[in-house]
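1. Mind folding the following:
(one chain, ligands or ions: 1)
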Amino acid sequence: MIIMTRRERAIRKRRRFILSVLLVFLVIIGIIVSVVSCGKTKGKSEEKETASKASERATSKNEESSDNEASSVDENAEKIVDTSTVNGLDKAYKNLMLVNGKNPLPDNYDSEIRKDLVEIEPELRNNNYVTKIHKSVYPYITAMVRAAQADGVNLKVWSPFRSYADQEALFRKQVERVGGDEELAATVVARPGTSEHNTGICADFNMADDAFENTPMYEWMKENAEDYGFILRYPKDKQSITGVIYESWHWRFVGIDMAKKINKSGLCLEEYLEKNNLKQEISIDNF
Ligand SMILES: [Zn+2]
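-> Residues are numbered from 1 along each chain as shown. Here you go, the predicted structure:
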């Protein structure tokens, strides 16, 4: 039997006390650590949740915006698809902008108008150099050419939109052709910035040539172009007003209602707008 002295017992007791204090201390530390780390984990998972919610929101936002995009693309597609008949084409049209030698286009027009051009299908045109038309006119011109072709008439778009540079090249060529007389050249080929072709809302058909007048295409256009919103822009006896020679091949889009009214009046565009006080300021905002 081990007999402990009083001193030894006291030391033992103190050791036990210190050990149990240490143990309690460790347990408390352990509890604190676990509580803190649990809090941190919770924070992290909340963060995670927030991030995932944000990403969900972003995804749904993206979906929403791509839905919007899709629907606007669909709308266009609908417009573009529905061109085989005149049904569904608006009769009213607000762009009656008058562009001629006295009313040139603003400098920024070329770059602005290019944003709104649409390519005409190859089977509807006979020119691979200039192929685009303003999107507001696209359904009408394509419906018209398809209708003519369905009637057995070989109507094709020859020259729709022309850029400032295209027009300049044409004008320079014409100036050369007439021996350097710019004024004379301008009665046949408009100076750049003063040509309706720079607006994208008119077109020459089949050929830019007097021979067009004696074709079935011209006959068809005289009968039917107004049903699609087009008028003969430079009639035979109006050169003194339009400043441009008679051009059987050049047709301007003014909208179906307006085309019928103008034809009924027997006036050219300049006269009709003047008489009815319909002159508009030249601006890209007219579209
Ligand atoms: Zn023309």
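
2. for the residue in the stretch 151-287 of the chain positioned nearest to the ion, helix, strand, or coil?
-> As assessed by C-beta to the ion, the ion sits closest to His250 within the stretch 151-287 of the chain, at 3.5 Å. For the C-beta atoms, the positions are set from N, CA and C on the backbone; glycine is no exception. What DSSP: H, G, I helix; E, B strand; the rest coil gives for His250 is strand.

3. Which residues of the stretch 151-287 of the chain lie near the ion?
-> Selection of the stretch 151-287 of the chain residues close to the ion by C-beta under 5 Å from the ion yields Asp204, His250.

4. Show me what the helix or strand where Ala185 lies packs onto, helices and strands only.
-> Using DSSP states H and E, Ala185 sits within helix 182-186. In terms of contacts (3 or more C-beta pairs under 8 Å, 6 or more residues apart in numbering; DSSP states H and E), helix 182-186 is packed against helix 164-177.

5. in the helix it packs on, what counts as buried?
-> For helix 164-177, a neighbour-count test (16 or more other C-beta atoms under 10 Å) marks Tyr164, Asp166, Gln167, Glu168, Leu170, Phe171, Gln174, Val175 as buried.

6. what does stretch 254-264 give?
-> Neighbour-count burial for stretch 254-264 [16+ other C-beta under 10 Å]: Val254, Gly255, Ile256, Met258, Ala259, Lys260, Lys261, Ile262.

7. So for the chain, the centremost residue is which one?
-> With distances taken as C-alpha atoms, centre = their mean, the residue of the chain nearest its centroid is Asp116 (4.4 Å).

8. where does it land on pLDDT?
-> Predicted confidence (pLDDT) for Asp116: 94.

9. show me what contacts it?
-> His134, Lys135, Ser136, Gly200, Phe287 (C-beta atoms under 8 Å, 6 or more residues apart in numbering).

10. Reformat the buried residues of helix 164-177 as a markdown table; add pLDDT.
-> Listed next are the buried residues of helix 164-177 as a markdown table, based on pLDDT from 0 to 100:
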| residue | pLDDT |
| --- | --- |
| Tyr164 | 92 |
| Asp166 | 91 |
| Gln167 | 92 |
| Glu168 | 94 |
| Leu170 | 93 |
| Phe171 | 95 |
| Gln174 | 96 |
| Val175 | 97 |
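
11. For the residue nearest to Arg233 when sequence neighbours are not counted, give me the pLDDT.
-> For Arg233, ignoring the flanking residues on the chain, the nearest one in space by C-beta to C-beta, 6 or more residues apart in numbering is Arg252 at 4.0 Å. At Arg252, the model reports a pLDDT of 98.

12. Tell me the backbone dihedrals of Tyr246, please.
-> Backbone torsions for Tyr246, taken as degrees, to the nearest 10, come to phi -60, psi 130.

13. With the flanking residues excluded, which residue is spatially nearest to it?
-> Closest residue to Tyr246 apart from its sequence neighbours, by C-beta to C-beta, 6+ apart: Lys236 at 4.4 Å.

14. give me the number of residues near that neighbour?
-> The local packing of Lys236 (other C-beta atoms under 10 Å) involves 11 other residues.

15. didn't it look like it was pressed against Glu247?
-> No. If you go by C-beta atoms under 8 Å, Lys236 and Glu247 don't touch, sitting 9.6 Å apart.

16. what about Tyr272, which helix or strand?
-> Tyr272 belongs to helix 269-275, assigned by DSSP H and E.

17. so how far is Phe161 from Ala203?
-> Separation of Ala203 from Phe161 (C-beta to C-beta, to the nearest Å) stands at 8 Å.
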